[in-house]
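Visitor: Just to be clear, the model below is a prediction. Sequence and coordinates:
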Amino acid sequence: MKVLIDNGHGENTPGKCSPDGKLKEWAYTREIADRLVTELRKNGIDAERIVKEMIDIPLSIRCRRANDIYRETGGKAILISIHCNAAGSGSDWLSAHGWSVFISNNASMNSKNLAICLAGAAIGKRIFVRQPMQGQLFWTQNLAICRDTICPAVLTENFFQDNKEDVEFLLSDEGMQMVTQIHVDGIKDYLNKYVR
């Protein structure tokens, strides 16, 4: 099984940063994606980033890359798109906080199971997981990166880039290790439970 990592946005994407400019989503998600690929490979799991460029790559191209790899592997690939959440436009510090995972409204059961495994890994680390309703660990939205890929696909929103405490955590060594490990543990759980 190949794990495909999509890192959100690009250095040319306007906005997408903390109000103080210390956290830039495009840079942060690439850092986490690189750490995740390294950790997965250490665990014997084939993994790669599908966006190696620093600029923003259109969603249609990201989906095509994932779909091509899915076909090349004979249907043996999953996709995780890594992002940081925001409650506002990025100009003010706000109070929304926590971690969440999203699937598309046309999601397969495998996508749902992947989302549940990732959320379970976050909960296991005593991270506050945002839920649309009690007992449902994932959110459903019409997200192109999940909707238009043919492999199981989820999008993670790793805390809020417009919450001061979340940003301090995200930028700390502990926070970067935690975000990486949530993904590693969730992916391993999914592979152990659902991939033969």
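Guide: Everything's here; your move. Residues are numbered from 1 along each chain as shown.
Visitor: Excluding chain neighbours, what is closest to the residue most central in space within the chain?
Guide: The chain has I82 as the residue nearest its centroid, 2.6 Å off, counting by C-alpha atoms, centre = their mean. Once flanking residues are discounted, I82 sits nearest to T29: 4.6 Å by C-beta to C-beta, 6 or more residues apart in numbering. C-beta: built from backbone N, CA, C; applies to glycine.
Visitor: Provide the backbone phi and psi angles at S104.
Guide: Backbone torsions of S104, given as degrees, to the nearest 10, read phi -80, psi 160.
Visitor: hang on, it packs against L143?
Guide: Yes - in this structure S104 lies within contact range of L143 using C-beta atoms under 8 Å: 5.4 Å.
Visitor: All the helices of this protein, in order from the start?
Guide: Under the criterion DSSP state H, the chain contains helices at 25-42, 59-72, 109-124, 144-147, 164-171, 173-194.
Visitor: and of the ones you listed, who's closest to F138?
Guide: Checking the helices of the chain against F138 by C-beta to C-beta gives helix 109-124 as the closest, at 3.8 Å.
Visitor: and stretch 48-59, what's its mean pLDDT?
Guide: Mean pLDDT, stretch 48-59: 96.
Visitor: Please shift the residue numbers so they start at 37 in all later answers.
Guide: Yes, from this point I'll number from 37; that puts the last item at stretch 84-95.
Visitor: buried set for it?
Guide: For stretch 84-95, a neighbour-count test (16 or more other C-beta atoms under 10 Å) marks 84-87, 92-93, 95 as buried.
Visitor: any idea how far that stretch is from the chain center?
Guide: When C-alpha coordinates are averaged (C-alpha atoms, centre = their mean, to the nearest Å), stretch 84-95 and its chain have centres 14 Å apart.
Visitor: what's in contact with it?
Guide: 38-43, 45-49, 62, 66, 69-70, 73, 98, 101-102, 105, 115, 180-181, 184 (C-beta atoms under 8 Å, 6 or more residues apart in numbering).
Visitor: Could you work out the end-to-end span of it for me?
Guide: For stretch 84-95, the separation between the terminal residues is 17 Å (C-alpha to C-alpha, to the nearest Å).
Visitor: Next: stretch 174-192.
Guide: In stretch 174-192, first residue to last residue: 10 Å (C-alpha to C-alpha).
Visitor: what is the mean pLDDT for it?
Guide: In the prediction, stretch 174-192 has an average pLDDT of 98.
Visitor: For that stretch, buried residues please.
Guide: Neighbour counts over stretch 174-192 (16+ other C-beta under 10 Å) mark 174-176, 179, 181-185, 187-192 as buried.
Visitor: from those, which is closest to G57?
Guide: If you rank the buried residues of stretch 174-192 by distance to G57 using C-beta to C-beta, T192 comes first, at 22.9 Å.
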